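Asks: what follows is a protein structure lacking sequence information:
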Ligand SMILES: O=C(O)c1cccc(C(=O)CC[C@H]2O[C@@H](n3cnc4c(=O)[nH]cnc43)[C@H](O)[C@@H]2O)c1
(Lines give C-alpha, C1' and ligand atoms only; values in the text may rest on other atoms or scores of the structure.)
Protein backbone atom coordinates (compact mmCIF):
# COMPACT_ATOMS: atom_id res chain seq x y z
CA UNK A 1 0.00 0.00 0.00
CA UNK A 2 1.25 3.50 -0.78
CA UNK A 3 2.15 5.49 2.32
CA UNK A 4 1.10 9.08 1.86
CA UNK A 5 1.79 10.33 5.38
CA UNK A 6 5.18 11.39 6.68
CA UNK A 7 4.91 8.98 9.61
CA UNK A 8 8.69 8.65 10.07
CA UNK A 9 9.27 12.34 10.58
CA UNK A 10 6.66 12.48 13.37
CA UNK A 11 9.30 11.22 15.74
CA UNK A 12 11.46 14.30 15.19
CA UNK A 13 10.16 16.75 17.86
CA UNK A 14 12.22 16.71 21.04
CA UNK A 15 10.51 18.51 23.89
CA UNK A 16 13.60 18.89 26.06
CA UNK A 17 15.57 20.54 23.25
CA UNK A 18 13.05 23.20 22.27
CA UNK A 19 11.11 23.70 25.51
CA UNK A 20 7.46 22.85 26.12
CA UNK A 21 5.25 23.90 23.25
CA UNK A 22 8.19 25.51 21.52
CA UNK A 23 8.02 24.27 17.96
CA UNK A 24 5.95 25.12 14.93
CA UNK A 25 4.41 22.33 12.82
CA UNK A 26 4.05 23.19 9.13
CA UNK A 27 1.64 20.91 7.26
CA UNK A 28 1.81 20.76 3.47
CA UNK A 29 -0.07 18.39 1.17
CA UNK A 30 2.65 17.08 -1.15
CA UNK A 31 6.42 16.64 -1.23
CA UNK A 32 7.05 19.57 -3.63
CA UNK A 33 5.38 21.94 -1.15
CA UNK A 34 7.27 20.42 1.77
CA UNK A 35 10.57 20.89 -0.08
CA UNK A 36 9.75 24.53 -0.94
CA UNK A 37 9.02 25.22 2.74
CA UNK A 38 12.21 23.45 3.81
CA UNK A 39 14.26 25.53 1.36
CA UNK A 40 12.70 28.67 2.86
CA UNK A 41 13.54 27.56 6.38
CA UNK A 42 17.11 26.53 5.55
CA UNK A 43 19.59 27.27 8.28
CA UNK A 44 17.25 29.13 10.55
CA UNK A 45 14.32 27.30 12.10
CA UNK A 46 13.33 24.49 14.38
CA UNK A 47 9.99 24.13 12.60
CA UNK A 48 8.90 20.62 11.68
CA UNK A 49 7.53 20.18 8.15
CA UNK A 50 5.35 17.29 6.99
CA UNK A 51 3.64 16.33 3.73
CA UNK A 52 0.26 15.10 4.94
CA UNK A 53 -1.44 14.11 1.68
CA UNK A 54 -4.04 15.84 -0.47
CA UNK A 55 -7.45 16.64 0.98
CA UNK A 56 -8.97 17.49 4.32
CA UNK A 57 -9.20 13.94 5.66
CA UNK A 58 -5.55 13.06 4.98
CA UNK A 59 -4.34 16.38 6.34
CA UNK A 60 -6.46 16.10 9.50
CA UNK A 61 -5.33 12.53 10.17
CA UNK A 62 -1.67 13.30 9.61
CA UNK A 63 -1.73 16.55 11.61
CA UNK A 64 -3.44 14.79 14.52
CA UNK A 65 -0.89 11.96 14.37
CA UNK A 66 2.03 14.42 14.43
CA UNK A 67 0.57 16.36 17.37
CA UNK A 68 -0.29 13.20 19.31
CA UNK A 69 3.22 11.82 18.79
CA UNK A 70 4.77 14.79 20.61
CA UNK A 71 2.40 16.02 23.33
CA UNK A 72 3.10 19.63 24.28
CA UNK A 73 5.87 20.05 21.72
CA UNK A 74 4.08 22.50 19.39
CA UNK A 75 2.84 26.03 19.94
CA UNK A 76 1.53 26.74 16.42
CA UNK A 77 0.36 24.78 13.36
CA UNK A 78 0.61 26.29 9.88
CA UNK A 79 -1.30 24.81 6.93
CA UNK A 80 0.81 25.78 3.92
CA UNK A 81 0.64 25.05 0.22
CA UNK A 82 -0.33 26.17 -3.23
CA UNK A 83 -3.90 27.16 -3.96
CA UNK A 84 -6.37 28.85 -6.21
CA UNK A 85 -6.86 32.62 -5.97
CA UNK A 86 -10.19 34.44 -6.26
CA UNK A 87 -10.30 37.14 -8.94
CA UNK A 88 -9.70 40.65 -7.63
CA UNK A 89 -8.23 39.29 -4.41
CA UNK A 90 -5.22 37.06 -5.05
CA UNK A 91 -3.22 36.86 -8.28
CA UNK A 92 -0.95 34.03 -9.42
CA UNK A 93 2.37 34.12 -7.54
CA UNK A 94 0.91 36.13 -4.65
CA UNK A 95 0.25 34.92 -1.12
CA UNK A 96 -2.83 34.66 1.06
CA UNK A 97 -2.70 34.62 4.85
CA UNK A 98 -6.11 33.41 6.02
CA UNK A 99 -8.19 35.44 8.43
CA UNK A 100 -10.54 32.46 8.70
CA UNK A 101 -10.64 28.92 7.36
CA UNK A 102 -13.94 27.82 5.85
CA UNK A 103 -15.05 24.34 4.76
CA UNK A 104 -16.93 25.90 1.87
CA UNK A 105 -18.65 22.83 0.45
CA UNK A 106 -19.39 21.03 3.72
CA UNK A 107 -23.16 20.95 4.08
CA UNK A 108 -26.26 19.85 2.23
CA UNK A 109 -27.81 20.71 -1.10
CA UNK A 110 -31.56 21.35 -1.06
CA UNK A 111 -34.00 21.72 -3.97
CA UNK A 112 -35.63 24.82 -2.51
CA UNK A 113 -32.93 26.66 -0.52
CA UNK A 114 -29.78 25.68 -2.42
CA UNK A 115 -26.66 24.93 -0.36
CA UNK A 116 -26.97 24.82 3.43
CA UNK A 117 -23.80 25.03 5.50
CA UNK A 118 -23.16 23.10 8.72
CA UNK A 119 -24.13 26.26 10.62
CA UNK A 120 -27.46 26.47 8.80
CA UNK A 121 -28.07 22.77 9.36
CA UNK A 122 -27.40 23.19 13.09
CA UNK A 123 -24.40 20.84 13.15
CA UNK A 124 -21.77 23.31 14.35
CA UNK A 125 -19.67 25.60 12.21
CA UNK A 126 -17.85 25.30 8.90
CA UNK A 127 -15.62 28.23 9.86
CA UNK A 128 -12.56 28.09 12.07
CA UNK A 129 -11.08 31.37 13.19
CA UNK A 130 -7.33 31.55 12.86
CA UNK A 131 -5.16 32.90 15.65
CA UNK A 132 -5.21 36.63 14.96
CA UNK A 133 -1.92 37.49 16.64
CA UNK A 134 -0.05 34.77 14.75
CA UNK A 135 -1.76 35.60 11.45
CA UNK A 136 -0.83 39.26 11.83
CA UNK A 137 2.79 38.36 12.58
CA UNK A 138 2.95 36.07 9.54
CA UNK A 139 1.23 38.63 7.29
CA UNK A 140 3.48 41.49 8.47
CA UNK A 141 6.67 39.48 7.91
CA UNK A 142 5.62 38.53 4.37
CA UNK A 143 4.53 42.09 3.56
CA UNK A 144 7.74 43.54 4.99
CA UNK A 145 9.76 41.23 2.75
CA UNK A 146 8.18 43.00 -0.24
CA UNK A 147 6.06 40.03 -1.32
CA UNK A 148 2.55 40.41 -2.69
CA UNK A 149 0.18 39.29 0.06
CA UNK A 150 -3.45 39.73 1.07
CA UNK A 151 -5.67 38.43 3.81
CA UNK A 152 -9.18 36.98 3.68
CA UNK A 153 -11.09 33.75 4.13
CA UNK A 154 -9.23 30.64 2.88
CA UNK A 155 -11.73 28.14 1.52
CA UNK A 156 -11.27 24.39 1.83
CA UNK A 157 -13.12 22.31 -0.75
CA UNK A 158 -13.37 18.62 -1.56
CA UNK A 159 -13.66 19.19 -5.29
CA UNK A 160 -11.38 21.85 -6.81
CA UNK A 161 -13.53 24.45 -8.53
CA UNK A 162 -13.63 24.17 -12.32
CA UNK A 163 -16.51 26.37 -13.48
CA UNK A 164 -17.68 29.99 -13.36
CA UNK A 165 -20.94 28.88 -11.69
CA UNK A 166 -19.20 27.24 -8.74
CA UNK A 167 -16.77 30.17 -8.42
CA UNK A 168 -19.72 32.58 -8.17
CA UNK A 169 -21.54 30.33 -5.70
CA UNK A 170 -18.49 30.12 -3.42
CA UNK A 171 -17.79 33.84 -3.62
CA UNK A 172 -21.44 34.51 -2.73
CA UNK A 173 -21.36 31.99 0.11
CA UNK A 174 -18.15 33.37 1.64
CA UNK A 175 -17.85 37.13 1.17
CA UNK A 176 -14.25 38.24 0.62
CA UNK A 177 -13.07 34.71 -0.22
CA UNK A 178 -9.37 34.96 -1.07
CA UNK A 179 -8.05 31.45 -1.74
CA UNK A 180 -9.14 27.89 -2.33
CA UNK A 181 -7.30 24.76 -1.23
CA UNK A 182 -8.14 21.26 -0.14
CA UNK A 183 -6.47 20.88 3.26
CA UNK A 184 -6.75 23.96 5.51
CA UNK A 185 -9.94 22.99 7.32
CA UNK A 186 -8.65 19.49 8.10
CA UNK A 187 -5.41 20.86 9.53
CA UNK A 188 -7.35 23.45 11.53
CA UNK A 189 -9.80 20.89 12.97
CA UNK A 190 -6.88 18.74 14.15
CA UNK A 191 -4.94 21.67 15.63
CA UNK A 192 -8.05 23.00 17.37
CA UNK A 193 -8.68 19.57 18.86
CA UNK A 194 -5.27 19.81 20.52
CA UNK A 195 -5.87 23.43 21.60
CA UNK A 196 -3.08 24.71 19.33
CA UNK A 197 -3.46 27.92 17.30
CA UNK A 198 -3.58 27.59 13.53
CA UNK A 199 -2.67 29.78 10.56
CA UNK A 200 -3.15 29.05 6.83
CA UNK A 201 -0.77 30.27 4.14
CA UNK A 202 -1.51 29.74 0.41
CA UNK A 203 0.73 30.60 -2.52
CA UNK A 204 -1.45 31.11 -5.58
CA UNK A 205 -0.82 28.78 -8.53
CA UNK A 206 -4.04 29.32 -10.50
CA UNK A 207 -7.18 31.40 -10.63
CA UNK A 208 -10.32 29.88 -9.11
CA UNK A 209 -12.59 29.50 -12.12
CA UNK A 210 -13.20 27.47 -15.26
CA UNK A 211 -10.64 24.66 -15.48
CA UNK A 212 -7.59 25.66 -17.51
CA UNK A 213 -4.72 23.36 -16.61
CA UNK A 214 -2.37 25.22 -18.99
CA UNK A 215 -2.80 28.41 -16.91
CA UNK A 216 -1.43 26.79 -13.76
CA UNK A 217 1.88 28.26 -12.55
CA UNK A 218 2.96 25.71 -9.98
CA UNK A 219 6.64 26.74 -10.21
CA UNK A 220 5.80 30.39 -9.49
CA UNK A 221 3.61 29.38 -6.56
CA UNK A 222 6.29 27.12 -5.07
CA UNK A 223 8.83 29.95 -5.43
CA UNK A 224 6.40 32.29 -3.63
CA UNK A 225 5.85 29.68 -0.91
CA UNK A 226 9.62 29.37 -0.43
CA UNK A 227 10.06 33.16 -0.28
CA UNK A 228 7.18 33.54 2.20
CA UNK A 229 8.60 30.81 4.41
CA UNK A 230 11.97 32.54 4.37
CA UNK A 231 10.23 35.78 5.37
CA UNK A 232 8.48 34.20 8.37
CA UNK A 233 11.51 32.19 9.54
CA UNK A 234 12.30 34.61 12.36
CA UNK A 235 8.74 35.00 13.65
CA UNK A 236 8.15 31.25 13.89
CA UNK A 237 11.54 30.59 15.45
O1 LIG B 1 -6.25 19.10 -12.88
C2 LIG B 1 -7.00 19.94 -12.39
O3 LIG B 1 -7.86 20.54 -13.05
C4 LIG B 1 -6.87 20.30 -10.96
C5 LIG B 1 -7.65 21.34 -10.50
C6 LIG B 1 -7.54 21.74 -9.18
C7 LIG B 1 -6.67 21.11 -8.32
C8 LIG B 1 -5.90 20.08 -8.81
C9 LIG B 1 -4.96 19.47 -7.94
O10 LIG B 1 -4.39 18.45 -8.18
C11 LIG B 1 -4.67 20.26 -6.71
C12 LIG B 1 -4.29 19.50 -5.57
C13 LIG B 1 -3.51 20.34 -4.58
O14 LIG B 1 -3.32 21.72 -4.93
C15 LIG B 1 -4.02 22.61 -4.10
N16 LIG B 1 -4.75 23.50 -4.99
C17 LIG B 1 -4.14 24.31 -5.89
N18 LIG B 1 -5.01 25.04 -6.55
C19 LIG B 1 -6.23 24.70 -6.11
C20 LIG B 1 -7.53 25.15 -6.45
O21 LIG B 1 -7.76 26.03 -7.30
N22 LIG B 1 -8.56 24.57 -5.78
C23 LIG B 1 -8.34 23.64 -4.83
N24 LIG B 1 -7.12 23.20 -4.48
C25 LIG B 1 -6.07 23.72 -5.11
C26 LIG B 1 -4.85 21.75 -3.19
O27 LIG B 1 -4.78 22.23 -1.87
C28 LIG B 1 -4.23 20.36 -3.28
O29 LIG B 1 -3.26 20.16 -2.31
C30 LIG B 1 -5.98 19.66 -10.14
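Replies: The structure has been received and is ready for your questions. Not measured: the values here are computed from a predicted model.

Asks: show me the contacts for residue 196.
Replies: 67, 74-77 (CB atoms under 8 Å, 6 or more residues apart in numbering). (C-beta placed from N, C-alpha, C; glycine too.)

Asks: so it sits in a strand?
Replies: No - counting by DSSP: H, G, I helix; E, B strand; the rest coil, residue 196 falls outside a strand, being coil.

Asks: what about the residue of the chain found nearest the ligand, how many residues nearby?
Replies: Among the residues of the chain, residue 84 lies closest to the ligand, at 2.3 Å counting by CB to the nearest ligand atom. When counting by other CB atoms under 10 Å, one arrives at 27 neighbours for residue 84.

Asks: mind checking what helix or strand follows the helix or strand where it lies in sequence?
Replies: Assessed by DSSP states H and E, residue 84 sits inside strand 74-85. For strand 74-85, the following helix or strand on the C-terminal side (DSSP H and E) is strand 95-103.

Asks: for residue 5, give me the pLDDT.
Replies: Note on residue 5: pLDDT of 40.

Asks: can we start the residue count at 423 from this point?
Replies: New numbering, starting at 423: the last item is residue 427.

Asks: any residues of the protein in contact with the ligand? List them.
Replies: Taking CB under 6 Å from any ligand atom as the contact definition, the chain meets the ligand at 451, 476, 503-506, 579, 582-583, 602-605, 627-628, 630, 633, 635.

Asks: can you do 5 Å?
Replies: Residues of the chain lying near the ligand by CB under 5 Å from any ligand atom: 451, 476, 504-506, 582, 602-604, 633.

Asks: pLDDT weak spots in the protein?
Replies: Low-confidence segments of the chain (pLDDT under 70): 423-443.

Asks: which residue ranges of it form helices?
Replies: Per DSSP state H, the chain carries helices over the ranges 437-440, 453-463, 478-491, 540-543, 554-566, 586-595, 606-615, 640-654.

Asks: please identify the most buried of those.
Replies: helix 606-615 (a mean of 26; mean count of other CB atoms under 10 Å).

Asks: next, the angle from that one to strand 517-525.
Replies: Relative orientation of helix 606-615 versus strand 517-525 (axes from the mean of the first three to the mean of the last three CA atoms, to 10 degrees): 80 degrees.

Asks: so what secondary structure elements neighbour helix 606-615?
Replies: Here helix 606-615 touches helix 478-491, strand 496-507, strand 517-525, strand 549-551, strand 571-578, strand 620-629, going by 3 or more CB pairs under 8 Å, 6 or more residues apart in numbering; DSSP states H and E.

Asks: in JSON lines, list these along with distance to residue 613.
Replies: Shown next, in JSON lines, are these (distance: least, CB to CB, whole Å):
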{"stretch": "helix 478-491", "distance to residue 613": "6"}
{"stretch": "strand 496-507", "distance to residue 613": "4"}
{"stretch": "strand 517-525", "distance to residue 613": "10"}
{"stretch": "strand 549-551", "distance to residue 613": "9"}
{"stretch": "strand 571-578", "distance to residue 613": "13"}
{"stretch": "strand 620-629", "distance to residue 613": "4"}
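
Asks: ok, which of those comes nearest residue 463?
Replies: strand 496-507 (10.9 Å; CB to CB).

Asks: tilt between that closest one and helix 453-463?
Replies: Using the same axes, to 10 degrees, strand 496-507 lies at 120 degrees relative to helix 453-463.
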